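Q: coordinates only, sequence not included:
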C-alpha cells in the first residue's frame, strides 16, 4: 500500500456514525462524593458537563412542620438534626430566636460559653470538610488525621453535655449546665495541640501539589455572582467579600472579641478551602479569649451539691408564651448564614418557623457554575460547597 | 440609613403602594401591594443609598384565620449594613405573587420551596416546580389546614384534593 493510500485510511472517519448527542446521567443519590443523598442530574457531552440540576428532598423530614406542633423548649432537640455537623450552632440560633421574642437577657457567662462552644464546633465541622474533601479528590490520608483531631473536640463536648453529635446543650435562656471541673485546662491543652496539627494539615492537603492542581481555577464564582446568589460563609469569603455575621452584625459577645475575617480573592475551589483552613486558626484565637474570660467569672462550688445551671441560665417559664411578633435571627455557622424566621401568635407553640439553611442557598449556585467543567471536576465543586444534606433538605 | 429614613424614601417614591409600616425586631417592616412588588424591589436594590443587594430569606406564612398567605422578604445591604423586611399578603384562594428571581437570583430556590410546601404561585418564575417533595405529591404540607395525620390521609382524601374540593 502506498503512503498516500495509508494516509487516507487513517484520516477517514470510522465506519458507522459516531454518536454525538448529549447524554443525561445521574450522579447520586448514592455517590461517594455527594456526602449524603444528593442527586445531581447532569447533561454531558462526552466528558463535558452542559447542565447540572440538583434534585433534593431525599432527606426531607419537614422540621418546619414538626416545630409548629411542639412547644418552644420541645423544639430544641429537633434543631440538632438539621445540620448534624454543627448541632451547637443550630441549638443556638433557635434559642436566640425564642429569646428575642421573649425579650430574655442571657447571663454573660452563658454567652461566653456559647461563643466558645460554637467556635469549637466550627473547627470540628471544617475538619470534616477538609477530610472528606481530600477523600473526594483521592487523598485518603488527611481524612484520618482530620477525624483524629475532631475526635478530641467531640470528647470535650461529651464531657460537657454527655453527647457527641446531638448535644441539646444550648437552651432557651442560657446553656443546660456549667463547665465541669478542669474542663478549661483540657480545652487549653487542646488548643496548643490543634495549632500544630493545622500546620501539618496544610502541608498534607491544602498546599499539596496534586490537590492544588485539582482545585485551582475550578468552580469560579465572581463576587457579583456570589452576592446575586446569596452565598454566605466561606463560599462568599472565598470570592473576596468580607461578609461575616460575627463582624457585620455582631451577635452575643462577638463585639468584644478580636479576630480577623478571612477572605481570599481567588474565587475558585482552592480559595474556599484555604479560607476554611485559616478560619480554624481564627477560631483558636477566639476560643483562647473565651477561656481567659471564663476563668475570671464565678465558678460553681464543685464540692457542695449545686444547681448545674446556677450562673448560666436566665429565668425562663417552663412553657414560654411570647407575645405575637416575628423575628429573623441569623448566626454565622461553619457553612454560612444560618437563619431562623420565627412567628409567634401568643400561644405556647411557634406559629411558623422557617429555616434559612446556608448549604441550601449555597447549593443553588451549582447549576450556574458546573457547566463547562468535566465530570471529575463536578465532584470537586459539589464537595467544595460543603453541603450537609440534613440541612439542605431539612 | 435608619428605618425612618428608609420609610420616608419609600413613601415619597411609592405612596399608596406602601400599605403599612412599622419598626420591628429586624428594622423597618413594610407591607406592600403585591402588584407593585417587583417595582419596589427593583428600586430597593438599585437605589445607591438603599442598596439592598442581598436577599437573605423568603418565608411564606399561612394566616388561616385571615384567609391570607403572607410572603416575607428579608433584605440586607452589604455596603450600607442595614436591613429591612418586605411583606406581601395575598388571598388564600388566589395565592399569586410576582417572582423576584429577576432581581435576586437567590430567590429561585426560596420561591420553589415556598411553592412546594405552601402552594404559593410565583408568577414569572423561570422553573417553578416542587423542590423537596416528589412531583406527584398531593397538597402543600405547611398549610395550616393540611391533614398530616396519617390515619385521615387516605386515597379518598387525596382524590378530594385532586378534584379541588379540599385545598
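A: Arrived safely. Note that the coordinates shown come from a computational prediction; the quantities given were computed from them, not determined experimentally.
Q: what helix or strand is residue 89 on?
A: Using chain A. Assessed by DSSP states H and E, residue A:89 sits inside helix A:87-102.
Q: meant chain B, my bad for not saying
A: Going by DSSP H and E, residue B:89 is part of strand B:83-91.
Q: what does chain B put close to chain A?
A: Applying CB under 8 Å from any CB of the partner chain, we find that chain B lies next to chain A at B:24-26, B:53-57, B:59-62, B:72, B:74, B:78, B:81, B:85, B:104-106, B:108-110, B:117, B:130-134, B:141-142, B:148. C-beta: built from backbone N, CA, C; applies to glycine.
Q: next structured bit after the helix holding residue A:89?
A: With elements assigned by DSSP H and E, the helix or strand that comes after helix A:87-102 is helix A:108-136.
Q: what comes up buried for that next one?
A: A:109-136 (16 or more other CB atoms under 10 Å in any protein chain shown).
Q: tilt between it and helix A:87-102?
A: 140 degrees (axes from the mean of the first three to the mean of the last three CA atoms, to 10 degrees).
Q: what is the next helix or strand after helix A:108-136 packed up against?
A: Once helix A:108-136 ends, the next helix or strand along the chain (criterion: DSSP H and E) is helix A:141-161. Counting contacts by 3 or more CB pairs under 8 Å, 6 or more residues apart in numbering or on different chains; DSSP states H and E, helix A:141-161 packs against helix A:108-136, helix A:183-201.
Q: quick one: which of those is nearest residue A:262?
A: Shortest distance between residue A:262 and the helices and strands packed on helix A:141-161, using CB to CB, is found for helix A:108-136: 11.3 Å.
Q: quick one, that closest one and helix A:141-161 angle?
A: Per the same axes, to 10 degrees, the angle that helix A:108-136 makes with helix A:141-161 is 160 degrees.
Q: what angle separates helix A:108-136 from helix A:183-201?
A: Going by the same axes, to 10 degrees, helix A:108-136 makes 30 degrees with helix A:183-201.
Q: ok now do residue 20, which residues does it touch?
A: You didn't say which chain, so I picked chain A. Contacts here follow CB atoms under 8 Å, 6 or more residues apart in numbering or on different chains; on that basis residue A:20 touches residue A:45.
Q: chain B, not that one
A: Residues near residue B:20 by CB under 8 Å, 6+ apart: B:30-31.
Q: parallel or antiparallel, list what pairs with the helix or strand where it lies.
A: Using DSSP H and E, residue B:20 sits within strand B:18-24. Using DSSP bridges, the strands paired with strand B:18-24 in its sheet are strand B:27-32 (antiparallel).
Q: next, the angle from whichever helix or strand comes after the partner strand to strand B:27-32.
A: Next helix or strand after strand B:27-32 toward the C-terminus (DSSP H and E): helix B:37-46. Using the same axes, to 10 degrees, the inter-axis angle of helix B:37-46 relative to strand B:27-32 is 150 degrees.
Q: by how many degrees do the very next helix or strand once past helix B:37-46 and helix B:37-46 diverge?
A: Going down the chain from helix B:37-46, the next helix or strand is strand B:54-63, by DSSP H and E. Counting by the same axes, to 10 degrees, strand B:54-63 lies at 150 degrees to helix B:37-46.
Q: which residues does the helix or strand immediately after strand B:54-63 in the chain contact?
A: Counting by DSSP H and E, the element after strand B:54-63 in chain order, helix or strand, is strand B:68-76. Strand B:68-76 has contacts (CB under 8 Å, 6+ apart) with A:326, A:328, A:339, A:341, B:26, B:41, B:44, B:52, B:54-63, B:82-92, B:95, B:97, B:100, B:114, B:118, B:120.
Q: mind doing that once more with 6 Å?
A: Identification of contacts with strand B:68-76 by CB atoms under 6 Å, 6 or more residues apart in numbering or on different chains yields A:328, B:52, B:54, B:56-63, B:83-91, B:95, B:97, B:120.
Q: go on, stretch A:339-356?
A: By CB under 6 Å, 6+ apart, stretch A:339-356 touches A:64, A:67, A:71, A:93-94, A:97, A:101, A:319, A:321-322, A:324-330, A:394, B:57, B:59, B:61.
Q: write the PyMOL selection for whichever of these are buried.
A: Burial among the contacts of stretch A:339-356 is assessed by 16+ other CB under 10 Å; the matching PyMOL selection reads:
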select buried, (chain A and resi 64+67+93+94+97+101+322+325+326+327+328+329+330+394) or (chain B and resi 57+59+61)
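Q: centre-most residue in chain A?
A: residue A:335 (3.1 Å; CA atoms, centre = their mean).
Q: and for chain B?
A: Judging by CA atoms, centre = their mean, chain B has its centre closest to residue B:71, at 2.5 Å.
Q: got the residues of chain A near chain B?
A: Applying CB under 6 Å from any CB of the partner chain, one finds that chain A approaches chain B through A:56-57, A:60, A:65, A:100, A:227-230, A:248, A:327-328, A:339, A:341, A:343, A:352, A:354, A:356, A:364.
Q: go through these and flag which are in helices.
A: A:65, A:100, A:227-228, A:248 (DSSP state H).
Q: separate out the buried members of these.
A: Members of those classed as buried by 16+ other CB under 10 Å are A:65, A:100, A:227-228.
Q: could I get the residues you listed as TSV with pLDDT?
A: Formatted as TSV, these follow (pLDDT from 0 to 100):
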residue	pLDDT
A:65	87
A:100	90
A:227	87
A:228	87
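Q: farthest-separated two in those?
A: A:65 and A:227 (31.5 Å).
Q: what sits against residue 37?
A: Just so you know, I chose chain A. Residue A:37 neighbours (CB under 6 Å, 6+ apart): A:29, A:58-59, A:389.
Q: that answer is for a different chain, and I need it for chain B
A: B:88, B:98.
Q: how near is it to residue A:35?
A: 37 Å (CB to CB, to the nearest Å).
Q: same question for residue A:202.
A: Where residue A:35 is concerned, residue A:202 sits at a distance of 22 Å (CB to CB).
Q: same deal with residue A:20?
A: From residue A:20 over to residue A:35 (counting by CB to CB), the distance is 33 Å.
Q: try residue A:244
A: For residue A:244 relative to residue A:35 (CB to CB), the value is 24 Å.
Q: returning to that earlier point: got a list of what the residue nearest to the centre of chain A touches?
A: Counted by CB under 6 Å, 6+ apart, residue A:335 has contacts A:233, A:358-359, A:386.
Q: make it 10 Å
A: By CB atoms under 10 Å, 6 or more residues apart in numbering or on different chains, residue A:335 lies in contact with A:83, A:85-86, A:89, A:122, A:125-126, A:129, A:232-235, A:357-362, A:385-388, A:391-392.
Q: from the opening residue of stretch A:232-248 to its closing one, how far?
A: By CA to CA, to the nearest Å, the extent of stretch A:232-248 from end to end equals 12 Å.
Q: now that stretch: buried residues?
A: Buried residues in stretch A:232-248, counted by 16+ other CB under 10 Å: A:232-241, A:243-246.
Q: go on, stretch A:157-176?
A: Result for stretch A:157-176 [16+ other CB under 10 Å]: buried residues A:157, A:160-161, A:166-176.
Q: nearest to chain B, of the residues you listed?
A: residue A:172 (16.4 Å; CB to the nearest CB).
Q: residue A:390 sits in which helix or strand?
A: Using DSSP H and E, residue A:390 sits in helix A:389-392.
Q: residue A:214 now?
A: In the assignment (DSSP H and E), residue A:214 maps to helix A:209-215.
Q: that helix packs against which elements?
A: helix A:108-136, helix A:269-295, helix A:375-385 (3 or more CB pairs under 10 Å, 6 or more residues apart in numbering or on different chains; DSSP states H and E).
Q: residues contacting residue A:113?
A: Here residue A:113 is in contact with A:107, A:160, A:169-170, A:174-175, A:177-179, A:290, A:294, A:297, A:311-312 (CB under 10 Å, 6+ apart).
Q: from these, which shows the smallest pLDDT?
A: Of all these, residue A:311 has the smallest pLDDT value, namely 76.
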